[in-house]
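> predicted model, plus sequence, below.
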Amino acid sequence: MKKQPEVWFRGNIEGYPRLLQPVVHAILQAQEEIHELIREFPSDLLWEKPFGMASVAFHLQHIPGVMDRMATYAKGETLSGQQLGYLQKEGKPDLKFSSQMLLRDLDLQIVEFLHLIAQINTDTLTDPRGVGRAQLPSTVGGLLFHAAEHAQRHLGQLLVTVRILTHEAQ
């Protein structure tokens, strides 16, 4: 089976504003690479923290958590109690999770995030938005971009952690 080029080499993705194509590309690329990386990752290693690094499970929880929070702020809303509870639980060992469950949760959040992007009026990208309790200044576009770059940043960390753990397991 021939490997496809990276998402950003596949052209514009139908249904999303042209100005937000880089955000869509980055999110979909992260999703594809995470699936490839985690497809056969053993669930019993999810919470391992080699050399004190964040666990694989943390990254798989944090990426969708950040997308959810950035989407909320982009809509001009504040975080709900459920979102704050999720944030508190990110990275806390919970043996009920499997690699496949965390991938499913990631995919569900990506669908929600991309749905928001499909609905965005690009005239609002520079509209100001406050972040967190301190209402730190950002914009709609800045929040969407941050979700994408943050997913890419954690994908990079995830690549290293998975490689260390699977090498150690051999």
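Everything's here; your move. These figures come from a predicted structure and were not determined experimentally. Numbers count the residues shown, from 1 in each chain.
> what is the three-state secondary structure of the residue nearest the centre of the chain?
With the centre of the chain defined as its mean C-alpha position, the nearest residue by CA atoms, centre = their mean is I63, 3.0 Å away. Reducing the assignment at I63 to three states with DSSP: H, G, I helix; E, B strand; the rest coil gives helix.
> G142 versus that one, what's the distance?
The spacing between I63 and G142, counted by CB to CB, to the nearest Å, is 18 Å. Where C-beta positions appear, they are placed from N, C-alpha and C, glycine not excepted.
> thinking again about what came up before, residue contacts, the residue nearest to the centre of the chain?
Contact analysis of I63 by CB atoms under 8 Å, 6 or more residues apart in numbering lists A30, I34, L106, Q109, H150, A151, H154, L155.
> OK, contacts around the first one?
Taking CB under 8 Å, 6+ apart as the contact definition, A30 lies against I63, A148, A151, Q152, L155.
> pull out the buried members of the residues you listed.
Buried positions within these, assessed by neighbour count (16 or more other CB atoms under 10 Å), are I63, A148, A151, L155.
> excluding chain neighbours, what is closest to the last one?
Right, the one you point to is L155. Nearest in space to L155, with sequence neighbours left out and distances taken as CB to CB, 6 or more residues apart in numbering, is A30 at 4.7 Å.
> surely the one you found is within a helix?
Yes. Secondary structure of A30 (three-state DSSP): part of a helix.
> ok, now how distant is it from V131?
Using CB to CB, one gets 21 Å for the distance from A30 to V131.
> count of neighbours near the residue lying closest to H146 once chain neighbours are set aside?
Ranked by CB to CB, 6+ apart and with sequence neighbours excluded, the top spatial neighbour of H146 is M70, at 5.8 Å. The local packing of M70 (other CB atoms under 10 Å) involves 25 other residues.
> residues contacting M70?
Shown in contact with M70 (CB under 8 Å, 6+ apart): L143, L144, H146, A147, H150.
> recalculate using a threshold of 10 Å.
113, 116, 129, 131, 138, 140, 142-148, 150-151 (CB atoms under 10 Å, 6 or more residues apart in numbering).
> top of those residues by neighbour count?
Top of the contacts of M70 by neighbour count (other CB under 10 Å): A151, with 29 neighbours.
> gap between the longest helix along the chain and the chain center?
Secondary structure assigned by DSSP state H gives helix 140-169 as the longest helix of the chain. When distances are taken as CA atoms, centre = their mean, to the nearest Å, helix 140-169 is centred 8 Å away from the chain's centroid.
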